[in-house]
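**Q** Sequence first, predicted model second:
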Amino acid sequence: MIDVKPDHDGNGVTAVINDFDLGETLDCGQAFRWIRTDENTYTGAFLDAPLTITQNGNSFYFHNTSLEEFENIWYDYFDLGTDYNDIKQRLLSDPTLAKACAFAGGIRLLKQDLWECLCSFIISQNNNIPRIKGIIKRLCEHYEHFPSAEELSLETVSSLDYLRAGFRAKYIIDASQKFSSGIVSLDILEELDTDSARKQLMLIKGVGPKVADCVLLFGMHRTDAFPKDVWIKRVMEEYYPDGLPECTKGIEGIAQQYLFHYIRNLENI
DNA sequence: TTCCAGGCGTATC
DNA sequence: GATACGCATGGA
């Protein structure tokens, strides 16, 4: 279990968490709304719950957070009930994954909101991370929060011009309409196995296999989903021409995050 | 100027 | 089912 201590004045919570690095987790391309405000500090939100969090080694300070909020929101969001050391030990049997885990062993898989995830990864297609962040920032500033599917379903392609999202605007509209009308919903997806849920998500225009897998992995914590983007396709050609190693079975998506971060930074290692 | 970015829809075979 | 091409935008 995690060692958690609320402040005496009740302003924040300190938690000792192993296998966790803020930069590696919040800036590795799984979430786009966290902003680094200081060397060891990030600010962001889950749904409408804001958070500022500071790291010193394996000690984390959750600013302006009650013990109740920590337990009800952030414990799950940061997947603190999962022992990532166990996971990394499993992956060590593969030499490439061993290197990837050694490079960024502080990555944790966030449990994000499904709708935000869907929207974000629709925007991500054929796009780069700084520009994805820019589009989502403009979206949130416009609404003063991440807009719901209901709110976005009232928009049109031209009313979204300010996003400068290009051809993706029509996909955002279609997703908002299918999501707010219940054609695609968390309730439906939760009942389905990963392959069926992927097909259901792909009913949305602009959602193909890769975006669907990102939504399953980051928005529903389906760790068997394995999004194949351009970077991961390079990893597969280079290191796994015959497929993923056995040690990734059931946690392919977590392995994917270590590999994605590793390959993107190879020239800097 | 050209190429590329956490892809996908469409046309064509 | 596989493959080729266009797509909005902006940084390198």
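**A** Received, thanks.

**Q** what's the average pLDDT for stretch A:176-189?
**A** Stretch A:176-189 shows a mean pLDDT of 97 in the predicted model.

**Q** Is any residue of it near DNA strand B?
**A** No: Stretch A:176-189 is not in contact with DNA strand B by CB under 7 Å from any atom of the strand; minimum separation 11.6 Å. C-betas here are computed from N, CA, C, even on glycine.

**Q** do the same with stretch A:22-41
**A** Yes: judged by CB under 7 Å from any atom of the strand, stretch A:22-41 comes into contact with DNA strand B through A:Cys28, A:Gly29, A:Gln30.

**Q** how far away is A:Tyr42 from A:Cys140?
**A** When distances are taken as CB to CB, to the nearest Å, A:Tyr42 and A:Cys140 turn out to be 16 Å apart.

**Q** and those two? which has more neighbours close in?
**A** Neighbour tally, A:Tyr42 and A:Cys140, criterion other CB atoms under 10 Å: the higher count belongs to A:Tyr42, 19 against 15.

**Q** Count the residues that sit near the residue nearest to A:Pro6 when sequence neighbours are not counted.
**A** Ranked by CB to CB, 6 or more residues apart in numbering and with sequence neighbours excluded, the top spatial neighbour of A:Pro6 is A:Leu67, at 4.6 Å. When neighbours are counted by other CB under 10 Å, A:Leu67 registers 15.

**Q** start to end distance for stretch A:85-103?
**A** Stretch A:85-103 has an end-to-end distance of 14 Å (criterion: CA to CA, to the nearest Å).

**Q** buried residues in it?
**A** Of the residues in stretch A:85-103, those with enough neighbours to count as buried (16 or more other CB atoms under 10 Å) are A:Ile87, A:Lys88, A:Arg90, A:Leu91, A:Asp94, A:Thr96, A:Leu97, A:Lys99, A:Ala100, A:Cys101, A:Phe103.

**Q** again with stretch A:44-61
**A** If you call a residue buried by 16+ other CB under 10 Å, then stretch A:44-61 has these buried ones: A:Gly44, A:Ala45, A:Phe46, A:Leu51, A:Thr52, A:Ile53, A:Thr54, A:Gln55, A:Phe60, A:Tyr61.

**Q** What is the nearest of those to DNA strand B?
**A** The closest of these to DNA strand B turns out to be A:Gly44 (CB to the nearest atom of the strand; 15.7 Å).
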